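1. dropping a prediction and its sequence here:
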Amino acid sequence: MAKEVRLPQLGETMDTGTVVSCLVKVGDEVKKGDVIFEIETDKATLEMESPAGGFVKHILAAVDQTLPVGAPLLVLGDKDEDVPQSFVDSLAGGAPAEVQGPAEVVPAAKAAEAEPLKPAGRVMASPRAKKLAEELGVDLAVLSGTGPGGKITEQDVQKAAGAKAPKPIAPAAPALQAALGKIVPLNRLQKITAERMLKSKREIPCFYLTVRADVTGLVQLRTKLNAAGGVKLSYNDFIMKAVATGLEKFPIMTGQLDGETIRLAETIGIGLAISVPDGLVAPIVKDVHRKDVRQIARDSQALVERARANKLAPTDLEGGCITVSNLGAFGIDNFIPIVVPGQCSILGIGQITDTCVPDNGNILVRKLMNMTLSVDHKVANGAYAAQFLDFVRKLLEDAKGFTI
């Protein structure tokens, strides 16, 4: 019996998805759980797994096509099953038709003609293979892929270029390739970011609060702990722990307006803004309030690795109530971040600087850090958010209070 495979909802806010690549071709056998498509959602490019096993009979979606959730993508059937065109046509009309039992095997030549996914001139390659090919000057059009469905992989590109290993891709690569007077096309992630930030500016009336925290003790604590070995702790790990503790004390800061009520989060997930080659993503560190700093560090490092390898799962992007964005590594003192739609606030972190501070007639050199909180005024008022931010600041200043 033929089975249609439809586009699933790969995220809480997803209503459409764009087909980045198809990893199978007509005639291939797939098993339940095999990755068959790469789908770009409103947050990231994700791998789509097959919900069932069978042989690919028809592919209904084209690369670069944007489809609504529930749209048919391909048809699976038994090995010797002949799926009639009437069944495929019925899917296009939205109502699946009944298919009679197995028939003759579709000839290979006919199957090749039926494959709509690779029009003339289109190159089937993974996103990382495409980037590597551009970096190494390899023409993908002349390569034969060894990946699933004939897809070109990074290894294919390396072999063609005679390279032993891929070169690291700098996060700022698109900017380095730009030149005055040129027109720079937006990639998919940039388009998604633009749409979501515009939505935020239109629908989220924000106010902004800035404080300066004395993190001298925190700097000393982090240095001491990292010198002792084990998992390396970043300042973000301590900041997320302090933020989670603050959200427990000020739970309205986890809320979202829902009609005439404010719906509070059931658990505290914190988005961590991560720079990736195509732009910026903010996967969620889950249950931060239940973890110590070392566990937060392990989880956040794993998210960074998956994000930069384009391996984030849908669950990595769900459940956030606030985001932490740290630009201190770029020498930024302070900035005003934009709230992620679906969250109440976002905390912007600046660099830690040595600053002269008066103390009882003396001058001390202390390590200070600016923090700017952008808040959805529909959910929280200024006084409440100010208390939350002040509480977080005090936690960071009292480094002894952290559970390691």
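-> Structure's in. What do you need? Residues are numbered from 1 along each chain as shown.
2. verify the contact between Ile39 and Thr18 for me.
-> Yes: here Ile39 reaches Thr18: they are 6.9 Å apart, a contact under CB atoms under 8 Å. Backbone N, C-alpha and C define where each C-beta goes, glycine included.
3. have a look at these two and say which one is more surrounded.
-> Ile39 (24 against 19; other CB atoms under 10 Å).
4. what's the closest non-adjacent residue to the more buried one?
-> Computed as CB to CB, 6 or more residues apart in numbering, the closest residue to Ile39 that is not its neighbour in sequence is Gly17, at 4.3 Å.
5. what do you get for Thr245?
-> Spatial nearest neighbour of Thr245, excluding adjacent residues (CB to CB, 6+ apart): Leu395 at 6.0 Å.
6. residues near the one you found, how many?
-> Counted with other CB under 10 Å, residues neighbouring Leu395 total 22.
7. any idea which element it lies in?
-> For Leu395, the host element (DSSP states H and E) is helix 382-397.
8. please apply the same query to Ser200.
-> Counting by DSSP H and E, Ser200 is found in helix 188-203.
9. what's that helix packed up against?
-> Here helix 188-203 touches strand 35-40, strand 279-281, going by 3 or more CB pairs under 8 Å, 6 or more residues apart in numbering; DSSP states H and E.
10. need the contact list for the residue nearest to Ile363 when sequence neighbours are not counted.
-> With CB to CB, 6+ apart as the criterion, Ile363 has its nearest non-adjacent residue at 5.2 Å, and that residue is Cys356. Contacts for Cys356 (CB atoms under 8 Å, 6 or more residues apart in numbering) come out as 363-365.
11. quick check on the residue lying closest to Pro314 once chain neighbours are set aside: phi, psi?
-> Excluding its sequence neighbours, the residue lying closest to Pro314 (CB to CB, 6+ apart) is Leu10, at 4.3 Å. Here is the backbone geometry of Leu10 (degrees, to the nearest 10): phi -90, psi 10.
12. for the record, mean pLDDT for the helix holding Ser200?
-> Mean pLDDT, computed over helix 188-203, is 88.
13. just want the angle from it to strand 35-40.
-> Calculated by axes from the mean of the first three to the mean of the last three CA atoms, to 10 degrees, helix 188-203 forms an angle of 50 degrees with strand 35-40.
14. what ranges of the stretch 101-250 of the chain fall below the confidence cut-off?
-> 101-124, 126-128, 131, 134-135, 141, 147-151, 154-155, 162-177 (pLDDT under 70).
15. if you set the cut-off to 80 instead, what comes out?
-> Applying pLDDT under 80 to the stretch 101-250 of the chain flags residues 101-178, 188-189.
16. what segments of it are helices?
-> Along the stretch 101-250 of the chain, counting by DSSP state H, counting those that start in this stretch, helices occupy 108-114, 127-136, 154-161, 173-177, 188-203, 216-227, 235-249.
17. go through these and pick out the most buried.
-> helix 235-249 (a mean of 23; mean count of other CB atoms under 10 Å).
18. other SSEs contacting that one?
-> When contacts are defined as 3+ CB pairs under 8 Å, 6+ apart, helix 235-249 sits against helix 216-227, strand 269-272, helix 293-308, strand 320-326, strand 345-359, helix 382-397.
19. relative to the fifth one, what are the paired strands and their orientations?
-> Here strand 345-359 has these sheet partners by DSSP bridges: strand 320-326 (parallel), strand 362-376 (antiparallel).
20. partners of Pro72 in the sheet?
-> Beta-bridge pairing for Pro72 (DSSP bridges): Arg6.
21. so Gly33, which state does it fall into?
-> coil (DSSP: H, G, I helix; E, B strand; the rest coil).
22. on that earlier part again, A strand includes the residue nearest to Ile39, no?
-> Yes: the assignment for Gly17 is a strand, going by three-state DSSP.
23. beta partners of it?
-> Beta bridges link Gly17 to Leu67, judged by DSSP bridges.
24. residue contacts, it?
-> Shown in contact with Gly17 (CB under 8 Å, 6+ apart): 7, 10, 39-41, 66-67, 69.
25. ok, Ala302 to Met1 distance?
-> 40 Å (CB to CB, to the nearest Å).
26. and what of Ala399?
-> 63 Å.
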